[in-house]
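Asks: Model the structure of this input:
(one chain, ligands or ions: 1)
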Amino acid sequence: MGDTKEVNNRARERLKGICRVCPVCNGRSCPSGVPGMGGRGSGTGFRRNRTALDRVLLNLRTIHDAGAPDTGYNFFGTKLSMPVMVAPMCETTYNFLGNVDDYSFIHAQVVGAEASGTFAFTGDSPDPPLYGMGLELIREKAGGRGVPIIKPREIKEIIRLIKVAEESGVLAVGIDIDAAGFDNLNRAGQPVGPLSVPKLKEIIGRTSLPVILKGIMTADEAVKAVQCGAAGIVVSNHGGRALDATPGTAEVLPEIAAAVTGEIRIFIDGGIRSGEDVLKLLALGAEAVLVGRPVAIAAVGGEDEGVDLLLKQYHNDLKRAMLLTGCSELSAIGSQVIRKTEW
Ligand SMILES: Cc1cc2nc3c(=O)[nH]c(=O)nc-3n(C[C@H](O)[C@H](O)[C@H](O)COP(=O)(O)O)c2cc1C
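Replies: Take a look at the predicted model:
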């Protein structure tokens, strides 16, 4: 595999009519919505993720002795090269009109992430084998380094899928609670819906694995996640794919961090396109981030190596951005790093 340009050209070819592989993936000229690579409805949530990040600026500071930044990150006891992971993404038949097969798509995410010293979250869908495919790849190709994300199904089914994950030796499990309105699951006779605090407590009480709730967008729901006993949250609007007209995740992160920092691990995704974006979100209160669409494009255009190449780029960008803002390690990243303009 050559360089990023070659990967992108190949992805553009394979994703014709679905994704234009724009210079910056910001939802402004997406040919598709959901299904596809775009956002739901007007696409506001997708675009807003990007505009919110664009409004956070970095303070350039070079009079210090913070050379050779250490980006090492500890995810529930597992050391990663950086606080950047791959967001769960699957359902190529639904999203990519079958132009790409699910096995190689998920393989590229899991193996490419492992090659870069990090890991991939994997997804769940109405097509039952896909959840198992993610688990098999995590187990066989990454020695258990991965986290499956389960749809907000009936609780007996969620508990069953968590038990299957436990047998694969995964690092944690999660539920994308914001998929509560996904019609494709309901149509397939696999109901999804909102999960109350008692239901979540029951699910979380049935496993010793850390449980992560993905799709938190308000401080009150972050507090509820703490009450349920969740170990982590992903501040996420599903890349703008769950509900139209949501704010950007960077906008809501400071309120959420103010409410629950120190009580639960805070992860975030949505519109993260560089190591500089990672630095901004760590400064706003997240401890690690997940990257979605750019990884999907790299997987389609360059398979395992394409994903590794992209993630190494994030890693190099993050190291340089830490050096140029005076941060020798992740714990040194704080509000001194950023300058915010109005949302
Ligand atoms: C094609 C596609 C498929 C996705 N599938 C899932 C999924 O199965 N489970 C899930 O929790 N999120 C899924 N997501 C959402 C991502 O995990 C993530 O929240 C979002 O893409 C982050 O925004 P970004 O793509 O702008 O980085 C999917 C996103 C895309 C684009």
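Asks: Per-residue confidence at whatever residue of the stretch 1-150 of the chain ends up closest to the ligand, what does it come out as?
Replies: Residue nearest to the ligand within the stretch 1-150 of the chain (Cβ to the nearest ligand atom): Gly123, separated by 2.5 Å. No exception for glycine: its C-beta is placed from N, CA and C like everyone else's. Looking at Gly123, its pLDDT stands at 98.
Asks: For this protein, give the helix that spans the most residues.
Replies: helix 293-323 (DSSP state H).
Asks: returning to that earlier point: which residues does the residue of the stretch 1-150 of the chain closest to the ligand contact?
Replies: Residues in contact with Gly123 (Cβ atoms under 8 Å, 6 or more residues apart in numbering) are Pro88, Met89, Cys90, Glu91, Leu130, Tyr131, Gly134, Pro148, Ile149, Asp176.
Asks: same thing but at 7 Å, please
Replies: Pro88, Met89, Cys90, Leu130, Gly134, Ile149 (Cβ atoms under 7 Å, 6 or more residues apart in numbering).
Asks: likewise Phe46?
Replies: By Cβ under 7 Å, 6+ apart, the residues touching Phe46 are Gly27, Gly38, Gly39, Gly239, Gly240.
Asks: Out of the contacts of Gly123, who's the most crowded?
Replies: Using other Cβ atoms under 10 Å as the neighbour criterion, Gly134 leads the contacts of Gly123 with 30 neighbours.
Asks: Isn't it up against Ile150?
Replies: No. At 10.3 Å, Gly134 does not count as touching Ile150 under the criterion of Cβ atoms under 7 Å.
Asks: Is the ligand within reach of stretch 306-321?
Replies: No. On the criterion Cβ under 6 Å from any ligand atom, stretch 306-321 is out of touch with the ligand, staying 11.6 Å away.
Asks: let me fix that: stretch 216-226
Replies: No. Taking Cβ under 6 Å from any ligand atom as the criterion, stretch 216-226 and the ligand are apart, separated by no less than 11.6 Å.
Asks: Show the average pLDDT along that stretch.
Replies: Across stretch 216-226, pLDDT averages out at 98.
Asks: which parts of the stretch 151-300 of the chain sit against the ligand?
Replies: Residues of the stretch 151-300 of the chain found near the ligand (Cβ under 6 Å from any ligand atom) are 176, 214, 236, 238-239, 241, 269-272, 291-293, 296.
Asks: What strand or helix carries the residue lying farthest from the centre of the chain?
Replies: In the chain, Ile63 marks the outermost C-alpha relative to the chain mean, sitting 34.0 Å out by Cα atoms, centre = their mean. Per DSSP states H and E: Ile63 is located in neither a helix nor a strand.
Asks: helices or strands up against the longest helix of the chain?
Replies: The elements that helix 293-323 packs onto, with contact taken as 3 or more Cβ pairs under 7 Å, 6 or more residues apart in numbering; DSSP states H and E, are helix 4-14, strand 84-86, helix 102-115, helix 275-283.
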